[in-house]
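Participant: for reference, the sequence and a predicted model appear below.
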Amino acid sequence: MRAYTPKDNVQKKPYYTDRYWVAPQVAKHDVSSDEVFAADLEAIKAKFEVLDAYIQVEQMVVVINAHDNFAVIEMLKNERQYNQLSEMSAIDWLASEGKFEIFYQMLSMSKRKRLRIKCKISEKESIQSVEKLFRSADWSEREMYDMFGVVVNNHPFMKRILMPDDWEGFPLRKTYPLQGDEFAAWYEVDKIFGKEAREIIGPENRDPARIDRYDTERFARLGHEVPRGTDITHGEPDTPLVYQENEGVFMIEKFDAQKSVVISDRHR
Amino acid sequence: MAQHQVNYLKDGGLPVALTTIDKVVNWGRSNSLWALTYGLACCGIEMMASGASRYDFDRFGTIFRASPRQAELMVVAGTLTKKHAEFIRRLYDQMTEPKWVISMGSCANTGGMFNTYSTVQGVDRVIPVDLYLPGCAPRPETLQYGVMMLQQKIRRESASRAQKPKRLM
């Protein structure tokens, strides 16, 4: 018999389990192996606390405190020529550490180097917006809020960007089920038909994986269409392609190529 | 000088044709199916290809209109997201009767491969559908065949009575 696992808190169970093959991490190198990155790291270390720093896949990763994020990125932009924020988002580590990891992927066009700033915040904490430094952070931070529920302070327009405004839940969290929770399953029904329609439709119709294997009458094969409810146990009849000019529809004639005239003299 | 006026009395009698009201109304309806431009995803590209010169929907009388008030056919071409579900319902309600819906492609039929939190699992959960086209995405030939099937369906219907309310899945 299978060992009993408590099922009263299934929603909080992380979706990801390690029963699949987990790729090993790429090797981390010391920052001193690259002199450009070493100089950048020294500049950060002079003003801010650095929790961890290493080079991975030729990019430097610097882990800082979350409250330093604006100042560090401002310094990197203005003094260290990292003049592009190519990507930023969050990673859900709530199950293992109880924290979100926020990362800022930065690019220096003049140095031809890429650098990643990482910081961790807990679920209830919020983070400072870097939208004043990089306009590209505007939508990225909104998406981060939309998908993970990470609140960003001093953002000009903190609102969901992908999901509807009245959506409940944050879909990219590991605890969010792929096929959605009960709110997601009934969202369009609640909105269009009202909550009372839930009982008329029935919860079994909300299950996308439900297949009624005896229900064959709602489907028809192309070229063998029959009306709904027709008994097809002895095969469907052929439905030959019927053109309306053949079945004698009013005023519609088949085009006869023999009667057509090719105009050779366009000035006639 | 060319004679532009056709002399009906001389050229073979008066232009009279005898038919029934049903037939003449359905002839008009089935051969002027004005479709709402409703490309939601990649199926929309196939729908545009059907409308363009190679496949040429105009010869079926199917002309794409950008307003639901002028359309009577809605070809739902693509994935319907839950965010968009209320708008498709509103646009369907704004279309004038009689109106028909073609659900084009796997995503519009059943949600397709997007069995996720944000996708409506079939457009028939929101609006009633007359015709389902299989395929991912269906070729323009399939959409043409579907429109011809819909034309046959319209010609079988009675024109004088109000349309029966369609069943929602």
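Facilitator: Structure received.

Participant: since we're on A:Gly194, how many residues are nearby?
Facilitator: 10 (other C-beta atoms under 10 Å in any protein chain shown). Just so you know, the C-beta spots here come from the backbone N, C-alpha and C atoms, and that holds for glycine as well.

Participant: so what's it scoring on pLDDT?
Facilitator: Note for A:Gly194: predicted pLDDT of 89.

Participant: for the most centrally placed residue in chain A, what are its contacts?
Facilitator: Nearest to the geometric centre of chain A sits A:Leu172, at 7.2 Å (C-alpha atoms, centre = their mean). Contacts for A:Leu172 were tallied using C-beta atoms under 8 Å, 6 or more residues apart in numbering or on different chains; they are A:Asp92, A:Met147, A:Phe148.

Participant: helix/strand/coil for it?
Facilitator: coil (DSSP: H, G, I helix; E, B strand; the rest coil).

Participant: next one: A:Gly229
Facilitator: coil.

Participant: again with the one 4 residues further on
Facilitator: Classification of A:Thr233 using three-state DSSP returns coil.

Participant: how deep is it tucked in, by neighbour count?
Facilitator: Neighbours of A:Thr233 (other C-beta under 10 Å): 5.

Participant: per-residue confidence for it?
Facilitator: 79.

Participant: of the contacts of A:Leu172, closest to A:Trp139?
Facilitator: Using C-beta to C-beta, A:Met147 is the member of the contacts of A:Leu172 that lies nearest A:Trp139, at 11.9 Å.

Participant: can you pull out the strands in chain B?
Facilitator: B:35-36, B:64-65, B:73-77, B:100-104, B:131-133 (DSSP state E).

Participant: so which of those is the most surrounded?
Facilitator: strand B:73-77 (a mean of 28; mean count of other C-beta atoms under 10 Å in any protein chain shown).

Participant: helices or strands up against it?
Facilitator: strand B:35-36, helix B:43-51, helix B:82-94, strand B:100-104, helix B:105-110, helix B:140-156 (3 or more C-beta pairs under 8 Å, 6 or more residues apart in numbering or on different chains; DSSP states H and E).

Participant: what's in contact with that strand?
Facilitator: Contacts of strand B:73-77 (C-beta under 8 Å, 6+ apart): B:33-36, B:38-41, B:43-44, B:46-47, B:62, B:68, B:88, B:91-92, B:95, B:99-105, B:108, B:123, B:127, B:129, B:137, B:143, B:147, B:150.

Participant: near chain A, which of the residues you listed show up?
Facilitator: Among the contacts of strand B:73-77, no residue sits close to chain A (C-beta under 8 Å from any C-beta of the partner chain).

Participant: contact residues of chain B facing chain A?
Facilitator: Near chain A, when you scan chain B using C-beta under 8 Å from any C-beta, you find B:17, B:19, B:23-24, B:27, B:30-31, B:82-83, B:85-86, B:89, B:110-111, B:115-118, B:120-121, B:125-126, B:134, B:142, B:145, B:148-149, B:151-152, B:155, B:169.

Participant: 6 Å instead?
Facilitator: Residues of chain B lying near chain A by C-beta under 6 Å from any C-beta of the partner chain: B:19, B:27, B:82-83, B:85-86, B:89, B:111, B:115-117, B:120-121.

Participant: tell me the least confident of those?
Facilitator: Pick the lowest pLDDT in the residues of chain B next to chain A and you get B:Thr19, at 72.

Participant: now for it, how many residues are close by?
Facilitator: 11.

Participant: any idea how far it lies from A:Met251?
Facilitator: 10 Å (C-beta to C-beta, to the nearest Å).

Participant: before we move on, the earlier item: most neighbours, which of the contacts of A:Leu172?
Facilitator: Counting by other C-beta under 10 Å, top hit in those: A:Asp92 with 24 neighbours.

Participant: isn't that one right up against A:Lys174?
Facilitator: Yes: if you go by C-beta atoms under 6 Å, A:Asp92 and A:Lys174 touch, sitting 4.9 Å apart.

Participant: stretch A:236-246 and chain B, are they touching?
Facilitator: No: using C-beta under 6 Å from any C-beta, stretch A:236-246 never reaches chain B; the gap is at least 6.5 Å.

Participant: so what touches that stretch?
Facilitator: A:Gly223, A:His224, A:Glu225, A:Val226, A:Ile252, A:Glu253, A:Lys254 (C-beta atoms under 6 Å, 6 or more residues apart in numbering or on different chains).

Participant: what is the most widely separated pair among the residues you listed?
Facilitator: Applying C-beta to C-beta across those, the maximum distance is between A:Val226 and A:Glu253, 30.0 Å.

Participant: is it true that B:Ala49 touches B:Pro140?
Facilitator: Yes: shown here, B:Ala49 and B:Pro140 form a contact pair, counting by C-beta under 6 Å, at 4.9 Å.

Participant: higher neighbour count, those two?
Facilitator: The residue with more neighbours, out of B:Ala49 and B:Pro140, is B:Pro140; 20 against 16, by other C-beta under 10 Å.

Participant: what's the burial count for the residue in chain B positioned nearest to chain A?
Facilitator: The minimum distance from chain B to chain A, using C-beta to the nearest C-beta, falls at B:Tyr117 (3.0 Å). By other C-beta under 10 Å, the residues close to B:Tyr117 number 20.

Participant: what is the burial count for A:Ser108?
Facilitator: 18.

Participant: need phi/psi at it.
Facilitator: phi -110, psi 110 (degrees, to the nearest 10).

Participant: roughly how far does it sit from chain B?
Facilitator: Separation of A:Ser108 from chain B (C-beta to the nearest C-beta, to the nearest Å): 36 Å.

Participant: please apply the same query to A:Met106.
Facilitator: In terms of C-beta to the nearest C-beta, A:Met106 sits 30 Å off from chain B.

Participant: that residue touches A:Gln81, doesn't it?
Facilitator: No: the pair A:Met106 / A:Gln81 is not scored as a contact, 10.1 Å apart, by C-beta under 6 Å.
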